[in-house]
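K.L.:
Curious how this folds, go ahead:
(one chain, ligands or ions: 2)
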Amino acid sequence: MTMKILYGAGPQDIKEYDTERLRAEFLIEDLFRQNEVRFTYTHVDRLMLGGAVPSSEGLTFGSGEEIGTPYLLSAREMGVANLGGAGTIIVDGQSFVLENRDVLYIGRGARKITISSETAEMPARFYMNSVPAGSDFPHRLIKQAESKPLDLGEEKRSNKRRLRMYIHPEVSPSCLLLMGITDLAEGSIWNTMPPHLHERRMEAYCYFDLAPEERVIHLMGRPEETRHLIVADGNSVLSPAWSIHMGAGTGPYAFVWGMTGENQEYNDVAPVALSDLK
Ligand SMILES: O=C(O)C(=O)C[C@H](O)C(=O)CO
Ligand SMILES: [Zn+2]
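P.N.:
Ligands and ions are numbered 1, 2, ... in the order given. Here you go, the predicted structure:
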């Protein structure tokens, strides 16, 4: 298991950043590698992002030495979204089979996690978000059909999309993690349009199902002083509470969003008028 650390930057810092520095602080490009479990620990609300593409033999992790706790999840909860082919996750002997776009919630206290793919041709691609937790909730598999859908946008504005909530108080409760997947309708390119801010929560995106030659132009920063990141398939973007987060793809794509912070109120957002963006 590898662990990279990001200490976080504020709106004043990014005024001076060039492209390389902006990408180093906010873009995580290397989460998914064959037969590896990779994590990035961020000091942005202490969210950890992870990725793994296991073989059918499997990969095991769960020790907490990198973060100073007996186990990785001694004081944390975690959501795992499967962005690839079918795979299995065994948590302390309890086995869960995840199809594409299923999510597993792993509660605080898990010790040993083993992940594997059903086939080598179409491996599972597990994307993980973990946050500090102060209470225990049972591990739970959330199938795509059990998620709560929300249809947003309009075809004529190129922002029609279906958002699905998985780790959410109304679907599968957690301590402070929220997690879901948004799919763009065919021909639509804009996510999170119109944009918003949520002062009480940070957010992370992982863009996927984007063809290798395509890119998402992700917009971030204060509304009155935006920046952009050019994002490829499997890349994750950090969005601190002070930053907008929205994007337009040059081809079809989807993304996993994860949030944590002061509350789990999905609607506790401040919309930003497009006319206020600079
Ligand atoms: O397309 C969207 O709109 C989203 O998926 C929005 C994210 O879920 C989000 O920003 C939640 O705060
Ligand atoms: Zn948001």
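
K.L.:
can we go C-alpha only for contacts and neighbour counts from here?
P.N.:
Noted.

K.L.:
Can you tell me the SS state at the residue lying closest to residue 135 once chain neighbours are set aside?
P.N.:
Leaving aside its sequence neighbours, residue 135 sits nearest to residue 175 (Cα to Cα, 6 or more residues apart in numbering; 6.0 Å). Recorded secondary structure, residue 175: coil (DSSP: H, G, I helix; E, B strand; the rest coil).

K.L.:
May I have the residues that are in contact with residue 175?
P.N.:
With contact taken as Cα atoms under 8 Å, 6 or more residues apart in numbering, residue 175 is in contact with 77, 133-137.

K.L.:
ok, now with 7 Å
P.N.:
133-135 (Cα atoms under 7 Å, 6 or more residues apart in numbering).

K.L.:
same question, residue 182
P.N.:
With Cα under 7 Å, 6+ apart, residue 182 has these contacts: 161-164, 254-256.

K.L.:
can we see that at 10 Å?
P.N.:
Listed by Cα atoms under 10 Å, 6 or more residues apart in numbering, the contact set of residue 182 reads 149-152, 161-165, 191-192, 207, 253-257.

K.L.:
same thing with residue 233?
P.N.:
Per Cα under 10 Å, 6+ apart, neighbours of residue 233: 29, 206-216, 253-255.

K.L.:
and which of those residues is nearest ligand 1?
P.N.:
Closest to ligand 1 out of the contacts of residue 233 is residue 255 (7.5 Å), distances taken as Cα to the nearest ligand atom.

K.L.:
so that closest one makes contact with residue 190?
P.N.:
No - in terms of Cα atoms under 10 Å, residue 255 does not count as a neighbour of residue 190; the distance is 11.7 Å.

K.L.:
if we can go back for a sec, and the contacts of residue 175, which are buried?
P.N.:
By neighbour count, with 16 or more other Cα atoms under 10 Å, the contacts of residue 175 hold residue 133 as buried.

K.L.:
Tabulate the contacts of residue 175 in TSV, adding columns for distance to ligand 1, pLDDT and secondary structure.
P.N.:
As requested, these are exported to TSV (distance: Cα to the nearest ligand atom, whole Å; pLDDT from 0 to 100; DSSP: H, G, I helix; E, B strand; the rest coil):
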residue	distance to ligand 1	pLDDT	secondary structure
133	20	98	coil
134	22	97	coil
135	23	97	coil
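
K.L.:
export the contacts of residue 175 to TSV and tack on distance to residue 169?
P.N.:
What follows is the contacts of residue 175, written out as TSV (distance: Cα to Cα, whole Å):
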residue	distance to residue 169
133	15
134	16
135	14
